[in-house]
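Asker: Here's a sequence, model it:
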Amino acid sequence: MEVQKWMSLPLVSVVIPIFNGEKMLPTLLDSLKALDYPSHRLEILLIDNNSNDRTAKLLQESGHRVLFEPVPGCGTARNRGIREAQGEYIACTDVDCVLDPRWIQDLLEGFTHQQIGAVAGTIKPHRLDDPIIRYEALTLRSPSHCPEHHLFLPTACTANVMYRAEVFRRVGLLLNRSGGEEVDLNWRMQSLTPYRIHFLQQGGIVYHRYRADIRALCRSQRYKARTLVELHHRWKLKIPTGRRELSKAGLSLFTFALRCLSRFIQKVRHEPITVAVRDSFLETWLDVCVPWTRYLGIREGRADLLQST
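Answerer: Residues are numbered from 1 along each chain as shown. Below you'll find the model as predicted:
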C-alpha cells in the first residue's frame with residue numbers, strides 16, 4: 001500500500017539557475033537532499049549560468065542533473081531547465097535559498113482545484129543578524145510575493161513557487177532576462193488562461209539568504225528599477241518617472257543629516273554609541289541610498305526605452 005502511495009505521486013521537476021554560487025551552493029544542496037519526497041518522483045535540474053568560480057565543480061559533484069546556459073540572465077537560465085523538465089509540476093527556487101524538508105509536499109497540497117496554475121510558498125529570511133539583511137528582508141520585503149494586485153495582477157516570486165507544467169505549454173516561457181521575467185509570466189498566465197495563483201498562508205517554506213553588502217543591495221535595486229520601466233511599457237502601464245523615489249531620498253537625506261548631527265554631539269560629549277544607535281544610523285543611510293539608486297535605475301530604464309523606440 002505504501003509503495004502504491006509513493007508511485008501515485010506526481011513527478012516534480014525542481015529548476016534552479018545558478019551563477020557564481022560556490023558559497024551558497026553547499027547549503028542548498030544539503031536542503032535538496034533532505035527533501036521529504038521520494039527521489040524517484042523528483043527531478044532536480046541545476047543550471048550553471050556560465051559561472052566563473054567553483055560552481056561548475058560543485059555541481060558536477062552534486063549527483064544531480066546539471067545543465068549549462070552560456071547566455072546570462074536568470075530567466076534565460078531557468079528557461080533552459082524548464083525546456084528539459086519532464087515533471088507534471090515545475091518548482092522554482094534560487095541558489096540563495098534553503099528549502100524546508102516539506103517544501104515539495106506543501107506546494108503540491110496547494111493545488112486544491114484545476115484552476116490553480118501556480119502555488120506560491122512562504123519566504124522567510126535565513127538569518128537577521130545584520131542591519132543590512134534586516135533592511136532588505138523586513139523593510140524592503142525583497143524577495144516577496146504580491147498576492148494583491150501588484151500594478152496589474154497578483155504575482156509570485158520564483159524564489160518559491162510551483163507551476164503546473166501545462167502553464168508553460170500554454171503561455172510560453174519566462175522572458176530571457178533577469179528582472180521582471182517572473183511578473184510577466186504570472187500576468188500572462190492570468191490574462192491568457194483561467195489559471196490563478198494560490199498563495200499559501202503557511203508552509204512551503206524557503207529560507208532566503210541575503211548578502212550583508214550595501215553595494216550589492218543597491219546594484220540589485222537599481223537593476224530592478226531599470227527593468228520595471230520595460231515591464232510597464234510591455235503591459236501598457238503608466239511609465240514610472242522616478243519622482244517618488246527622488247522625493248523619498250531627499251526627505252531621508254534630511255533625516256540622515258539630523259542623525260549625523262546627533263552622533264557628532266554624542267561624540268563631543270563622549271557618550272557611548274550603542275549597537276542599536278549604529279544600526280539605526282545605517283538604516284537611515286539606506287533610506288537615502290536605496291530610493292536614490294532606484295531613481296537612477298528608472299532614469300536608465302527610461303533612456304533605454306527612448307533608444308528602442
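
Asker: residue ranges with poor pLDDT in this protein?
Answerer: 1-7, 149-150, 263-277 (pLDDT under 70).

Asker: That one: helices as residue ranges?
Answerer: 2-7, 25-33, 55-60, 74-84, 103-109, 131-134, 165-171, 181-192, 214-234, 243-268, 275-308 (DSSP state H).

Asker: what's the closest of those to His40?
Answerer: Comparing the helices of the chain by their distance to His40 (C-beta to C-beta), the top pick is helix 2-7, with 7.8 Å. (Each C-beta comes from the backbone N, C-alpha and C, glycine too.)

Asker: JSON lines for the helices of the chain, including mean neighbour count and distance to Leu42?
Answerer: Listed next are those as JSON lines, based on neighbours: other C-beta atoms under 10 Å; distance: least, C-beta to C-beta, whole Å:
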{"stretch": "helix 2-7", "mean neighbour count": "8", "distance to Leu42": "11"}
{"stretch": "helix 25-33", "mean neighbour count": "18", "distance to Leu42": "9"}
{"stretch": "helix 55-60", "mean neighbour count": "18", "distance to Leu42": "17"}
{"stretch": "helix 74-84", "mean neighbour count": "22", "distance to Leu42": "14"}
{"stretch": "helix 103-109", "mean neighbour count": "21", "distance to Leu42": "7"}
{"stretch": "helix 131-134", "mean neighbour count": "19", "distance to Leu42": "31"}
{"stretch": "helix 165-171", "mean neighbour count": "16", "distance to Leu42": "14"}
{"stretch": "helix 181-192", "mean neighbour count": "21", "distance to Leu42": "22"}
{"stretch": "helix 214-234", "mean neighbour count": "19", "distance to Leu42": "30"}
{"stretch": "helix 243-268", "mean neighbour count": "14", "distance to Leu42": "42"}
{"stretch": "helix 275-308", "mean neighbour count": "17", "distance to Leu42": "38"}
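
Asker: Out of those, flag the one nearest Thr158.
Answerer: Closest among the helices of the chain, using C-beta to C-beta: helix 181-192, at 4.5 Å.
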